[in-house]
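*Asks:* Here is the input, now give the coordinates:
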Amino acid sequence: MPLSSTILGIESSCDDTAAAILVNGKIQSNVTNTQDIHRKYGGVVPELASRAHQSNIIPVISEALAQSNTTLQHLDAIAVTQGPGLMGSLIVGVNVAKGLSMSLGIPLLGVNHLQAHVAALYLENSVQFPLLCLLVSGGHTQLIFLKNELDFTVIGETIDDAVGEAFDKAGKILGLGYPGGPQIAKIATTGDPKRFKFPDSQTGHLDFSFSGIKTSLLYFLRKESNENSAFIEENLDSICASYQQSLIDMLLKRFNSAIIQFKPNSIGIVGGVSANALLRNSVMELGQIFDAPVYIPKFEYCTDNAAMIAKAGELLLEKGKTMKLSDTPYSRNEYL
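*Replies:* I've put the predicted structure just below:
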């Protein structure tokens, strides 16, 4: 890697079209266009997402360049999400990145989206390794052990749904709209987290399962509403608080066990659900218990963004790990 570098990061794995400029390890711009069209469907529609990316990606890249006072000719490399994600969405970002790489004659860096979420920790922190990281998002829930910035081992993961999906599906059941996670967290602030109990699915030692708790919520609300049609309205804040607390307890139980087993020098959380205030505070408390530094990204680096893609790309560039023009996107996480 040259002594100085300017990297354009491109993210289009789901419904956020994003671009960022990283100069000498520092983010100069970070632009995201979130697609509102999916709200009325209660979830992301893949075909609509890929079409929206086609419309948004060039304006978003242009805005990222403008905000950083950078031109295409200043770029030393292009980093792009190669996977996992929605295939149609990934293809849009990868094809644009390939075109820029070819026209500018600069390296192309294919970034694993999950590694990029972890790389968000490196944007403003000098991380102590080994690191134990909890990745929590709408599509993934994993415990990852890192010996260094690029040495990843997944030690636990969900066997069905991700925790972000458990939040969003509950929001839909409760009539809160999409995405439901932020709505549940907001309403929960005035509720009693011990009012109602929801089960923790039995899994392997460090694995997660969230399909059972969603079903439990559905049946619980159906039963109570049959007896009192106003039950949800009268108890919404405590329902949200209790459900949120149950999900976070499930995460912390495995995280705590992993810390005891792997004895990391530091811990961190990343992904969209790491923006949840209760989870952030709970992990900070966990760090105090184990006397370990805790790393949590700023809110703008928690959800899907291109700053983390650019940072992950910088790490790949340092190791000379470039992407070939013949390489293709991948929808499933087969490369971590």
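
*Asks:* and stretch 132-150, how far from the chain's centre?
*Replies:* 10 Å (CA atoms, centre = their mean, to the nearest Å).

*Asks:* Then stretch 93-102?
*Replies:* Counting by CA atoms, centre = their mean, stretch 93-102 is centred 23 Å from the centre of its parent chain.

*Asks:* List the buried residues of that stretch.
*Replies:* Within stretch 93-102, the residues that qualify as buried by neighbour count (16 or more other CB atoms under 10 Å) are Gly93, Val94, Val96, Ala97, Lys98, Leu100, Ser101. All C-beta atoms are positioned from the backbone trio N, CA, C, and that covers glycine.

*Asks:* Strands of the stretch 151-300 of the chain, start to end?
*Replies:* Chain-ordered strands for the stretch 151-300 of the chain, with DSSP state E, counting those that start in this stretch as the definition, fall at 151-157, 266-270, 294-295.

*Asks:* Identify all contacting residues around the longest one.
*Replies:* Residues lying outside strand 151-157 but in contact with it, judged by CB atoms under 8 Å, 6 or more residues apart in numbering, are 115, 118, 140-147, 204-208, 254, 258, 262, 336.

*Asks:* Also stretch 193-203?
*Replies:* Judged by CB under 8 Å, 6+ apart, the contacts made with stretch 193-203 from elsewhere in the structure are 159, 209-213, 216-217, 220, 235, 238-239, 241-246, 249-250, 253.

*Asks:* Which members of those are classed as buried?
*Replies:* The neighbour-count test (16+ other CB under 10 Å) applied to the contacts of stretch 193-203 identifies 209-210, 212-213, 216-217, 220, 235, 238-239, 241-246, 250 as buried.

*Asks:* In helices only, show me these.
*Replies:* When helices are assigned by DSSP state H, the members of these inside them are 212-213, 216-217, 220, 235, 238-239, 241-246, 250.

*Asks:* For Tyr122, state which of these is nearest.
*Replies:* Sorting those by distance to Tyr122 puts Met250 at the head of the list, at 27.5 Å, by CB to CB.

*Asks:* thought that closest one was touching Phe208?
*Replies:* Yes: taking CB atoms under 8 Å as the definition, Met250 is a contact partner of Phe208 at 6.6 Å.

*Asks:* hey, what's in contact with both of these two?
*Replies:* With CB under 8 Å, 6+ apart, Met250 and Phe208 have common neighbours Val163.

*Asks:* coming back round to it: which two from the buried residues of stretch 93-102 end up farthest apart in space?
*Replies:* Taking CB to CB, the two most distant members of these are Gly93 and Ser101; they sit 12.3 Å apart.

*Asks:* where does the residue nearest to Gly287 when sequence neighbours are not counted sit relative to Pro130, distance-wise?
*Replies:* Once its chain neighbours are removed from consideration, Gly287 has its nearest residue in Val294; the separation is 3.6 Å (CB to CB, 6 or more residues apart in numbering). Here the distance between Val294 and Pro130 works out to 14 Å (CB to CB, to the nearest Å).
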